[in-house]
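**Q** Give me coordinates for this.
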Amino acid sequence: MTESKSTDALKNFLNTLRAGEARTGRVMSVEDREALVELDGFSGPGKALGRIPRGDLTRKAIGHPSEAVSIGQRLTFEVIGVDWQQEHVWASASACEDPALRAFLLGLQLCTTHQGRVQSVHNFGVFVNLDGEPADQCTGFIRGPELSWRRIDHPADAVTAGQRVVGEIIDVDTRRGQVQLSLKALHENPFVPFADQAGLVTAGQVTKLIPFGAFVRIADGVEGLVHNTEFRDEPVEHPGHIVSEGDEITVRIVEVDLVRHRVTLSARNLPQNGKRSS
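**A** Below is the predicted model of the structure:
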């Protein structure tokens, strides 16, 4: 009976927790991969326990959880979720590591716009210092695919360090202390007008040659692939045998994939193509 009451009390307490809310507790143990905390506010028999994975203890680089927390230390952490089977809470201390930054992040809303200045540009994306954020936090990040509808080889083709940008907020991550932005979300999807244009013959410019085909721009922000098999009836070993970058050629739209933002093109049996012999 006592064990049943204890379990019921714990379940009732866990049921009051909500993902994203901040809670407090005391560190009970520090292991190689996590820290165990006792949550404040549970008045029933036993303890309400929270587990904080090593990656959620701090945003700083650490080798062992003991470098971030110690037994007996009081922490403020964010509830990630509840493991009902094991009857414990998953939590993140990194989400509450900087109260000013957390307050700033929680004040943002998805699908709204925010401005900032590009802090640095890397091959994997762009970091942005957002207006209004705590000093030197660099909380904004733009993934390469979110920079432009145009195909770009490197984020530096779209933005430069020091440039002012306006983006749509597509995600707010308190655990990483980061805001995901999209620049292209503020512009109309250029693929939409071509959604029902399969079979359309149009002119385009060759923008890039690759071993198995050529990319051709048929509109601003819309480039399609002409595969080697779609230049002529006979096999073509490399598109450079047929066209060069910068050439204007005639193509037919074969397929438009709005989900993956891809256009398949063909140049077979069309005029003004194949000006060089293979």
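
**Q** all contacts plus neighbour counts: C-alpha atoms, from now on.
**A** Noted.

**Q** hey, where'd the strands end up in the stretch 151-278 of the chain?
**A** Ranges of strands within the stretch 151-278 of the chain are 164-173, 178-182, 201-210, 213-219, 222-227, 248-257, 262-266, based on DSSP state E, counting those that start in this stretch.

**Q** helices and strands around the third one, which ones?
**A** If I follow you right, that is strand 201-210. When contacts are defined as 3 or more Cα pairs under 8 Å, 6 or more residues apart in numbering; DSSP states H and E, strand 201-210 packs onto strand 213-219, strand 248-257.

**Q** Direction included, what does that strand pair against?
**A** Note on strand 201-210: by DSSP bridges, its sheet partners are strand 213-219 (antiparallel), strand 248-257 (antiparallel).

**Q** what is the orientation angle of it with strand 262-266?
**A** Here strand 201-210 points in a direction 100 degrees away from that of strand 262-266 (axes from the mean of the first three to the mean of the last three Cα atoms, to 10 degrees).

**Q** Would you mind writing the CA trace of strand 201-210 as CSV?
**A** What follows is strand 201-210, C-alpha atoms only, in CSV (Å, rounded to 0.1, in the frame of the first residue of the first chain):
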residue,chain,number,x,y,z
VAL,A,201,10.1,24.3,-73.8
THR,A,202,12.1,27.3,-72.7
ALA,A,203,15.5,28.9,-72.9
GLY,A,204,18.1,28.7,-70.1
GLN,A,205,21.7,29.3,-69.3
VAL,A,206,24.2,26.6,-68.4
THR,A,207,25.5,27.5,-64.9
LYS,A,208,27.6,24.4,-64.0
LEU,A,209,29.0,21.3,-65.5
ILE,A,210,29.3,18.1,-63.5
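
**Q** What lies in contact with it?
**A** 214-219, 238-240, 243-253 (Cα atoms under 8 Å, 6 or more residues apart in numbering).

**Q** Mind listing what's buried along it?
**A** Judged by neighbour count (16 or more other Cα atoms under 10 Å), strand 201-210 contains these buried residues: V201, G204, Q205, V206, T207, K208, L209.

**Q** quick one: low-confidence parts of the protein?
**A** 1-6, 272-278 (pLDDT under 70).

**Q** Domain boundaries for it, per the record?
**A** Domain assignment for the chain by automatic domain parsing gives 2-94, 99-186, 192-266.

**Q** mind checking how far the first one is from the chain centre?
**A** So the one you mean is domain 2-94. The chain centroid and the centroid of domain 2-94 are separated by 27 Å under Cα atoms, centre = their mean, to the nearest Å.

**Q** and what of stretch 171-187?
**A** Worked out by Cα atoms, centre = their mean, stretch 171-187 lies 7 Å from the chain centre.

**Q** Repeat that for stretch 118-126.
**A** Its chain's C-alpha centre and that of stretch 118-126 lie 13 Å apart, by Cα atoms, centre = their mean.

**Q** How far does that stretch stretch from one end to the other?
**A** 7 Å (Cα to Cα, to the nearest Å).

**Q** Break down the protein into its helices, ranges please.
**A** Per DSSP state H, the chain carries helices over the ranges 2-14, 99-106.

**Q** Format the helices and strands packed on strand 201-210 as JSON lines; extra columns: mean neighbour count.
**A** Formatted as JSON lines, the helices and strands packed on strand 201-210 follow (neighbours: other Cα atoms under 10 Å):
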{"stretch": "strand 213-219", "mean neighbour count": "22"}
{"stretch": "strand 248-257", "mean neighbour count": "20"}
